[in-house]
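Undergrad: 3D model of this:
(chains A and B)
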Number of protein chains: 2
Amino acid sequence: MVQKPAPDAARRSEKSRRAIYDAALALVTEVGYPKTTIEGIAARAGVGKQTIYRWWSSKADVLLEAFLDLGAQASEQAAEAAAGRGGEQSLEHGLPDTGDLAADLKYVLRATVDELLDPKFEAPYRALAAEGVADEKVSTEFVARLLEPGLQLYVRRLETAQEAGDIRPGIDLRIALELFVSPLAQRWLQRTGPISHEYTDALVDYALHGLAPR
Amino acid sequence: MVQKPAPDAARRSEKSRRAIYDAALALVTEVGYPKTTIEGIAARAGVGKQTIYRWWSSKADVLLEAFLDLGAQASEQAAEAAAGRGGEQSLEHGLPDTGDLAADLKYVLRATVDELLDPKFEAPYRALAAEGVADEKVSTEFVARLLEPGLQLYVRRLETAQEAGDIRPGIDLRIALELFVSPLAQRWLQRTGPISHEYTDALVDYALHGLAPR
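TA: Next comes the predicted model:
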């Protein structure tokens, strides 16, 4: 979640903040994580270095907040799209819960596919993910602040489903979500195969019903 | 598969080849993929640059073969361990097939966990994987020559299982294997959670029997 600045004098700093996020995302896309610097971000955003250091302590910090902001934008777009579909709540506050677990999971994974295929999101996210694979410190922040909070939304939706009897008792829900989330992540990260709505729909069906005959 | 040199005069070149693989893996571990060069590998292996160019056309080529060789070594070790367990065939020629699909998958995934936790394997493999996330060209080679051939071994084992009635008809087996392979890959790549034998055992059980009540 992006911290909101205080209401007054907020408009100008909100504008600088957005310019800094845009500059950080553009730079990491173009030159990669290791060559992105606070100086470079400041120059591109047209602000002084001190403006950045007033709000963030490191480039990792700026980039993570820029991604959180990008994620929040995507989430708002998804909520708007969902309103057209019948008005689910924003993904920021939880996954949709229509009572139909398979449909809700398919809906969110389709939105994730769209996001991963959107160049605006794809390029900077890939640069950060690559650095996370190589560098444990970057990875730890990235997971704690960006990835895991998203995965916990699945845990909560699966908890509701388990209480409703749609998931077997005793299943570890933090592991369970990986059956449909991780295949999509690996195909995207390692380019082991194409991603599409049909693909994530199949993942959900296979994960819920199992590969073995019933 | 590593190409075998002609039998005569092979011993000396086999020794150079191994020295070059070792140098390449050590270098990529220490300085990362982008800074690894043919010159650096040659210097470290104590051979001339021309010796390397006689056998390989690029650093990507050397590194991929070094990994294939490392994989073949791991596979031999697994086969030796398997001999103690009752003599399965080497993983190079296919996954074990005892007729018990869950046991066979668990066995192979446990061996993969051990390999991923082995620093000798982990460090260079991570350096190559990180570069693959960032660079599509590296990724394409890496997937075609290293990752996909390994995944096809799962496809073949699942085909046998489907013929035996242990996997539902109509399941896309190339997608199915991702339910237990990709979660392990993502935890290792992105450090989203610990990996262990208990974890991969759970993945196999969840994937085969599904999350929903039966």
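
Undergrad: please name the nearest non-neighbouring residue to whichever residue of chain A sits closest to chain B.
TA: Proximity to chain B, evaluated over chain A using Cβ to the nearest Cβ, is greatest for residue A:210 at 2.8 Å. Every C-beta, even on glycine, is put in place using the N, C-alpha and C of the backbone. Nearest residue to residue A:210 in three dimensions, chain neighbours excluded: residue B:210, at 2.8 Å (Cβ to Cβ, 6 or more residues apart in numbering or on different chains).

Undergrad: swap in residue A:74?
TA: Once flanking residues are discounted, residue A:74 sits nearest to residue A:115: 5.2 Å by Cβ to Cβ, 6+ apart.

Undergrad: helix or strand: which one has the one you found?
TA: helix A:101-116 (DSSP states H and E).

Undergrad: average model confidence for that helix?
TA: Helix A:101-116 shows an average pLDDT of 96 in the prediction.

Undergrad: now for that helix, which elements pack on it?
TA: Here helix A:101-116 is seen to pack against helix A:59-85, helix A:119-134, helix A:148-163, helix A:178-190, helix A:197-209 when contacts are counted using 3 or more Cβ pairs under 8 Å, 6 or more residues apart in numbering or on different chains; DSSP states H and E.

Undergrad: thought residue A:105 was touching residue A:202?
TA: No. With contacts counted by Cβ atoms under 8 Å, residue A:105 stays clear of residue A:202, the gap being 11.9 Å.

Undergrad: so those two - more neighbours on which side?
TA: Each of residue A:105 and residue A:202 has its neighbours counted (other Cβ atoms under 10 Å in any protein chain shown); residue A:105 has more, 26 against 19.

Undergrad: now that one: closest residue in space, sequence neighbours ignored.
TA: Nearest residue to residue A:105, sequence neighbours excluded (Cβ to Cβ, 6+ apart): residue A:204, at 4.7 Å.

Undergrad: what's around the one you found, how many residues?
TA: When neighbours are counted by other Cβ under 10 Å, residue A:204 registers 22.

Undergrad: next one: residue A:119
TA: That count, for residue A:119 with other Cβ under 10 Å as the rule, works out to 8.

Undergrad: repeat that for the one 10 residues further on.
TA: For residue A:129, the tally of surrounding residues (other Cβ under 10 Å) stands at 23.

Undergrad: need the contact list for it.
TA: Counting by Cβ atoms under 8 Å, 6 or more residues apart in numbering or on different chains, residue A:129 makes contact with A:142, A:189, B:133, B:190.

Undergrad: for PyMOL, what selects the buried ones among these?
TA: Remark: buried members of the contacts of residue A:129, expressed as a PyMOL selection using 16 or more other Cβ atoms under 10 Å in any protein chain shown:
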select buried, (chain A and resi 142+189) or (chain B and resi 133+190)
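
Undergrad: residue A:175: neighbouring residues, count only.
TA: Look at residue A:175: counted by other Cβ under 10 Å, it has 18 neighbours.

Undergrad: give the helix, strand or coil label for it.
TA: Secondary structure, DSSP: H, G, I helix; E, B strand; the rest coil: residue A:175 is helix.

Undergrad: leaving out the residues flanking it, which one is nearest to it?
TA: Leaving out its chain neighbours, the residue that sits closest to residue A:175 by Cβ to Cβ, 6+ apart is residue B:202, at 5.5 Å.

Undergrad: how much space between that neighbour and residue B:180?
TA: Relative to residue B:180, residue B:202 is positioned 9 Å away (Cβ to Cβ, to the nearest Å).

Undergrad: re the thing from before, my read: the residue nearest to residue A:210 touches residue A:207, true?
TA: Yes. If you go by Cβ under 8 Å, residue B:210 and residue A:207 touch, sitting 6.9 Å apart.

Undergrad: where does chain A dip in pLDDT?
TA: Along chain A, the parts satisfying pLDDT under 70 run over A:1-12, A:78, A:82-93.

Undergrad: show the contacting residues for the spatially most central residue of chain A.
TA: Nearest to the mean C-alpha position of chain A, by Cα atoms, centre = their mean, lies residue A:71 at 5.3 Å. By Cβ under 8 Å, 6+ apart, residue A:71 lies in contact with A:146, A:150.

Undergrad: equivalent analysis for residue A:117, please.
TA: The contact partners of residue A:117, by Cβ under 8 Å, 6+ apart, come to residue A:195.

Undergrad: and residue A:44, by the same measure?
TA: Residue A:44 makes contacts with A:23, A:26, A:27, as judged by Cβ under 8 Å, 6+ apart.
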